[in-house]
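> Quick one: sequence plus predicted model below, questions after.
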Amino acid sequence: MKNKKNIRSSFLRAAVLVPFILPVCSSLRAESLSLEIYLKQVKEKNKAVLAGRTAIQAAQESMALKSLLISPYLFADLQHAKDKSRKLDSASYGTSRMQDEYQVGLEQQTPYGQSARLYYQNTFTSVDGANPLYLPYSEYNESRFTLEIKQDLWRNFFGRATRAGRKAIEEKSKAQVQEQAYQVKQILVQAEMLYWRLSLARKMVQLEKDLLARSQELYNWVKRRVDLKLQDRSDLMQSESDVLARTLELSSTEDQEKLLTRNFNLMRDADSDIVTEELILPQEEYFKVPELNEKSPLRKDIRSLMHYQSAFREQALLNKENTLPELNVYVSGALNGLNQEFSEAFSDSTGTKYYTLAAGLSLRMPLDFIHSHRARKGYDHEADANETFLSQKKLSVQTEWSELIRKLKKTYKRFQLVKELETLQKKKADYERMRLQKGNTITLQVLQFEQDYAQSQLARLEVEMNLLELLAQIKLYEE
């Protein structure tokens, strides 16, 4: 009676605890992790991806350098001078002269070879020891508004070098953007391949365990028959070697799964050899092979090289321009004012009564014509070498693309064949189990057929892995 009461109270306690235990058990169930969520984690946490995005942003921002070449600049000069040197005409120059001078203005280079400077200049002069007949003012101010314009006629002919410099900066920045974008895409493709490898590796481990269990059953079955003197001992040794082979296969597959797990976590910046989430096995739509053009799309690394090549060409043009003579035409005009009072001098410099005009040509050229010519040819050869390298790289990428298409077609055919094989092996195993139930076959035959079916499943997983990796590589060629 006492035992019955204890049993009844135990059941009551269990019934009370069930509502609390069930939520805990459900929370322990593995959380599923889709490919999209995993790639999002890689994008947000992988340091190489984050560094690549930062590099892309830096390259885009550095493109602003090209605008600086034709942007206006503010300049200013300030000078204090004192001169007590002996002069031949000391009556007008004096025995001592002190000057405070400053100027402030704007200057700008245009894309077409013109440069302009507009500035204001004021000089305060104080003279000691001068004859008043020759120098009526011992202290006075000189004010001046000046406009200077220069046009390049040989080097940088109508802005040729300026435009080349701006284009070189732009193309180099674009090249760096494409280069970093391709590296980020490579990491994401590797992450996708890792996801499928780990997902399928987990399934392979399960199949290997099933195969090992069936091999052990076969071994036990053969051992019983050998003990009963119904089968030869060589069959037992063959069965035992099969168990050992399956054990080695399972150990190798588990090691591979551990390595994939660590790399899987490394992609999302985690140092662990455990993935608690449940990965989703690929569905049928993942294995669809898209229609692909025989001509390779422009991969981002090729786009990067094309931009680099354009930058090299523009830089070569800029370097060649720097070896040419300088021939410039210039004009300048100034409005001047001079008075003891600064306000009066400044007022005069805003009018057109006291002006200065000038125009002329300037020439500056190297005399070592031989080395100048050789330098220009060297820049051309450098650009040609880069062009040849780009052409070879394009051919290599086209070859890789053609090989990728060939492998895709071949692997997809293998995928269809291995699915048919798996279906046939399943039917064969199911039919043999049905025969066993009717007593028309033996257990050994069923176990062997089930082994064949499990082997076909492993073969399908291997082909699926190859096909998914090839499909992921196509994304390297996408925009």
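Perfect, I can see it now. Residues are numbered from 1 along each chain as shown.

> Quick check: which element contains the nearest residue to residue 310 once chain neighbours are set aside?
Of all residues not flanking residue 310 in the chain, residue 171 sits nearest, at 4.2 Å (C-beta to C-beta, 6 or more residues apart in numbering). For glycine as for every other residue, the C-beta is placed from the backbone atoms N, C-alpha and C. Using DSSP states H and E, residue 171 sits in helix 160-227.

> Can you point out the buried residues in the next helix or strand after that helix?
With elements assigned by DSSP H and E, the helix or strand that comes after helix 160-227 is helix 233-267. By neighbour count with 16 or more other C-beta atoms under 10 Å, helix 233-267 contains the buried residues 236, 239-240, 242-243, 246, 249-250, 253, 257, 260-262, 264-265, 267.

> Going by distance to residue 299, which of those wins?
Nearest to residue 299 among those, counting by C-beta to C-beta, is residue 267 at 21.9 Å.

> I'd like to know how far that closest one sits from residue 419.
In this view, residue 267 and residue 419 are 30 Å apart by C-beta to C-beta, to the nearest Å.

> now do residue 76
From residue 76 to residue 419 the distance is 79 Å (C-beta to C-beta).

> Neighbour count: those two, which is higher?
The neighbour comparison of residue 76 against residue 419 (other C-beta atoms under 10 Å) goes to residue 419, with 16 against 9.

> about what we covered before: show me which of the buried residues of helix 233-267 is closest to residue 365.
Comparing those against residue 365 with C-beta to C-beta places residue 267 closest, at 59.8 Å.

> OK, contacts around that closest one?
By C-beta atoms under 8 Å, 6 or more residues apart in numbering, the contact list for residue 267 reads 42, 46, 187, 190-191, 194.

> All the strands of the stretch 51-200 of the chain, residue numbers only.
For the stretch 51-200 of the chain, applying DSSP state E, counting those that start in this stretch gives strands covering 73-83, 96-109, 114-128, 139-152.

> mind listing what's buried in the third one?
By that I understand strand 114-128. Buried residues in strand 114-128 (16+ other C-beta under 10 Å): 115, 117, 119-125, 127.

> what's the answer for the second one, then?
Neighbour-count burial for strand 96-109 flags 97-98, 103, 105, 109 (criterion: 16+ other C-beta under 10 Å).

> and the closest residue to residue 33 other than its chain neighbours, how many neighbours does it have?
With sequence-adjacent residues excluded and distances taken as C-beta to C-beta, 6+ apart, residue 33 is closest to residue 277, at 3.6 Å. Residue 277 has 13 neighbours, counted by other C-beta under 10 Å.

> wait, doesn't residue 277 sit right on residue 34?
No. Using C-beta atoms under 8 Å, residue 277 is not in contact with residue 34, being 9.5 Å away.

> tell me the mean pLDDT over the helix holding residue 171?
The average pLDDT for helix 160-227 rounds to 91.

> swap in stretch 50-63?
93.

> sorry, back to before: reformat the buried residues of strand 114-128 as a markdown table; add distance to residue 56.
What follows is the buried residues of strand 114-128, written out as a markdown table (distance: C-beta to C-beta, whole Å):
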| residue | distance to residue 56 |
| --- | --- |
| 115 | 34 |
| 117 | 38 |
| 119 | 41 |
| 120 | 44 |
| 121 | 46 |
| 122 | 49 |
| 123 | 52 |
| 124 | 54 |
| 125 | 57 |
| 127 | 63 |
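
> nearest to residue 441, of the residues you listed?
Distance to residue 441 across the buried residues of strand 114-128 (C-beta to C-beta) is lowest for residue 115, with 97.9 Å.

> and that closest one, what does it touch?
107-109, 149-150, 152.

> out of the strands of the stretch 51-200 of the chain, nearest to residue 286?
Taking C-beta to C-beta, strand 96-109 is the member of the strands of the stretch 51-200 of the chain nearest to residue 286, at 56.6 Å.

> Surely the residue nearest to residue 310 is in contact with residue 308?
Yes. Using C-beta under 8 Å, residue 171 is in contact with residue 308, at 7.3 Å.

> wait, is residue 272 part of a strand?
No. Counting by DSSP: H, G, I helix; E, B strand; the rest coil, residue 272 falls outside a strand, being coil.

> Contacts for stretch 333-343, please.
Here stretch 333-343 makes contact (C-beta under 8 Å, 6+ apart) with 122, 124, 137, 139-147, 344-352, 354-358.

> run the last query once more with 7 Å
If you take C-beta atoms under 7 Å, 6 or more residues apart in numbering as the criterion, stretch 333-343 is touched by 137, 139-147, 345-352, 354-357.

> Likewise for stretch 373-391?
Here stretch 373-391 has contacts from 305-306, 309, 312-313, 316, 319-320, 323, using C-beta under 7 Å, 6+ apart.

> cool, stretch 75-94 as well?
Contacts to stretch 75-94, defined as C-beta under 7 Å, 6+ apart, come from residues 96-105, 107, 127-131, 134-135.

> mind running it again at 8 Å?
With contacts defined as C-beta under 8 Å, 6+ apart, stretch 75-94 is touched by 95-107, 119, 127-131, 133-135, 138.

> right, and residue 173 touches residue 59 too?
Yes. Applying C-beta under 8 Å as the test, residue 173 and residue 59 come out as touching, 4.9 Å apart.

> Please work out the average pLDDT along stretch 470-479.
Here the average pLDDT along stretch 470-479 is 90.

> Contact partners for residue 173?
59-60, 62-63.

> just the angle between the strand or helix carrying residue 328 and strand 139-152, please?
Element membership for residue 328, per DSSP H and E: strand 326-339. Put simply, strand 326-339 runs at 160 degrees to strand 139-152, going by axes from the mean of the first three to the mean of the last three C-alpha atoms, to 10 degrees.

> immediately after strand 326-339, which helix or strand?
Under the assignment DSSP H and E, the closest C-terminal helix or strand after strand 326-339 is helix 342-349.

> Report the separation between residue 471 and residue 283.
In this view, residue 471 and residue 283 are 13 Å apart by C-beta to C-beta.

> So those two - more neighbours on which side?
residue 471 (22 against 7).

> secondary structure element for that one?
helix 443-474.

> Which elements pack onto that helix?
Identification of packing neighbours for helix 443-474 by 3 or more C-beta pairs under 8 Å, 6 or more residues apart in numbering; DSSP states H and E yields helix 160-227, helix 369-438.

> winner for burial among those helices?
Greatest average neighbour count among the helices and strands packed on helix 443-474 goes to helix 160-227 (a mean of 19), per mean count of other C-beta atoms under 10 Å.

> Wait, residue 348 touches residue 142, no?
No. Residue 348 is beyond contact range of residue 142, at 9.9 Å (criterion: C-beta under 8 Å).

> still on that earlier bit, between the buried residues of helix 233-267, which is nearest residue 211?
When the buried residues of helix 233-267 are compared against residue 211 (criterion: C-beta to C-beta), the nearest one is residue 246, at 5.4 Å.
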